[in-house]
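Engineer: sequence and computational prediction follow.
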Amino acid sequence: MSKTNVQQVPDKYFTLSQQSEAEENIQDTQPVSLSFYRDSWRRIKKNKGAVVSLIILLIILVIAVGSIWFSPHNPDTQQVQYSFLPPKIPGLHINGFNGYAKQAGVWVDVYKEKDVPSSVYFYLGTDQFGRDLLSRLLYGTRISLLIAFSAAFLDLTIGVPYGLISGWLGGKADTIMQRALEIISGVPTLVVVVLMLLIFPPGIPSIIMALALIGWITMARVVRGQTLQIKNQEFILAARVLGQRPVKTVLGHILPNLSSVIIIQTMFTIPEAIFFEAFLSFIGVGMRAPNASLGTLINDGYQTFQFYPHLMWYPALIISLIMIAFNIFADGLRDAFDPKMKG
């Protein structure tokens, strides 16, 4: 039997098949897998109100912190001869912002009347002691933010562990811990805070402790409720069956799933703390002179509002802006983190 001659076909007769345009389009349109936080950030960026609020908060924070090194004047320096000067901004020739004030129906150059050097400007005017209002406003905003962020941090360190332990243990331990919360929350917050401030010397530490004494209760209840829901889900039961230690289960599985709730609650806690600190300072049991906060500045402006309204307008505007921006941003976070809102 003769062997069949086999001829080798040259490679030039073979060509690689090209991917069709339709297949390329199918691959291009396949969704990209996103993590929970990346997807949430994508949703936040679509919320214009939340983005604008975040930008405003960052600008206020950067300016307030930066004023430690770059401040127009010393916020505590008193120059009584320059008291109650109106705002004066270089290059702005608008009555009310150029050093002129209305006296007996006539616009008068107050800076000229009080012999203020031409090179000296007070962009937002001065108070009754001749202190620069802009410098005190920056200082007061920084103090109010410091108190609010410190109180929120203490809420996290106390409220989150308390809520996790109460929700995870359940049973009698949960009942006892919740009854304790009810007893503490049954006392009016203002009474507790005022008593704290009367016992301890006035100042920033006293206000932070007073705010943290009651503020963590809401955080603890929110975390406890979410923990009760999550601990009965399948992946937690699987971790228990595999013999994982309770501490590792709580820290490795439950706490990460609570992070979005904790972030949202913290964003709502900060403006509440700012407002409460301003309220305490306004009624005279918070910050004491010569220290400034938004509350003390509003209180000082309130006393002379009829004659010098600008002393109250600016701190009131800043605290309103901070409160609104924080609340809008917190609403945006809640919508982004809520799975029911996903489309």
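Structural biologist: Nice, I can see it. Residues are numbered from 1 along each chain as shown.

Engineer: and the helix or strand where Asn327 lies, what's buried?
Structural biologist: Per DSSP states H and E, Asn327 falls inside helix 310-337. By neighbour count on 16 or more other C-beta atoms under 10 Å, the buried set for helix 310-337 is 310-312, 314-316, 318-319, 322-323, 325-337. C-beta coordinates here come from the backbone N, C-alpha and C atoms, glycine included.

Engineer: how about stretch 93-101?
Structural biologist: 97-101.

Engineer: what average pLDDT does stretch 259-276 get?
Structural biologist: What stretch 259-276 shows for mean pLDDT is 85.

Engineer: next, give phi and psi for the closest residue to Trp107 other than its chain neighbours.
Structural biologist: Spatial nearest neighbour of Trp107, excluding adjacent residues (C-beta to C-beta, 6 or more residues apart in numbering): Tyr100 at 4.6 Å. Dihedral angles of Tyr100 (phi, psi; degrees, to the nearest 10) stand at phi -100, psi 150.

Engineer: and Tyr100, what pLDDT?
Structural biologist: 84.

Engineer: now do the one 3 residues further on
Structural biologist: Listed pLDDT for Gln103 reads 78.

Engineer: so that it lines up with my notes, have the first residue be 56 from now on.
Structural biologist: Sounds good: first residue 56 from here, last item Gln158.

Engineer: which other helices and strands contact the longest helix seen in the chain?
Structural biologist: Taking DSSP state H as the criterion, the chain has its longest helix at helix 188-224. If you count contacts as 3 or more C-beta pairs under 8 Å, 6 or more residues apart in numbering; DSSP states H and E, helix 188-224 packs onto helix 103-121, helix 226-241, helix 259-285, helix 310-337, helix 349-358, helix 365-392.

Engineer: tell me which residues in stretch 317-331 are buried?
Structural biologist: 317, 319-331.

Engineer: wait, which of those residues is closest to Gln136?
Structural biologist: Among the buried residues of stretch 317-331, Ile329 lies closest to Gln136 (C-beta to C-beta), at 34.2 Å.

Engineer: so what's that closest one up against?
Structural biologist: 199-200, 202-203, 349, 374, 377-378, 381 (C-beta atoms under 8 Å, 6 or more residues apart in numbering).

Engineer: if I look at it, how far off is Thr351?
Structural biologist: Ile329 sits 13 Å away from Thr351, going by C-beta to C-beta, to the nearest Å.

Engineer: now do stretch 295-307: distance from first to last residue.
Structural biologist: 12 Å (C-alpha to C-alpha, to the nearest Å).

Engineer: stretch 96-110 too?
Structural biologist: Using C-alpha to C-alpha, the two ends of stretch 96-110 sit 15 Å apart.

Engineer: now that stretch: buried residues?
Structural biologist: For stretch 96-110, by 16+ other C-beta under 10 Å, it's 98-99, 102, 105, 108-109.

Engineer: mind putting those into JSON lines with pLDDT?
Structural biologist: Below are the buried residues of stretch 96-110 laid out as JSON lines (pLDDT from 0 to 100):
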{"residue": "Arg98", "pLDDT": "78"}
{"residue": "Ile99", "pLDDT": "77"}
{"residue": "Asn102", "pLDDT": "80"}
{"residue": "Ala105", "pLDDT": "85"}
{"residue": "Ser108", "pLDDT": "89"}
{"residue": "Leu109", "pLDDT": "89"}
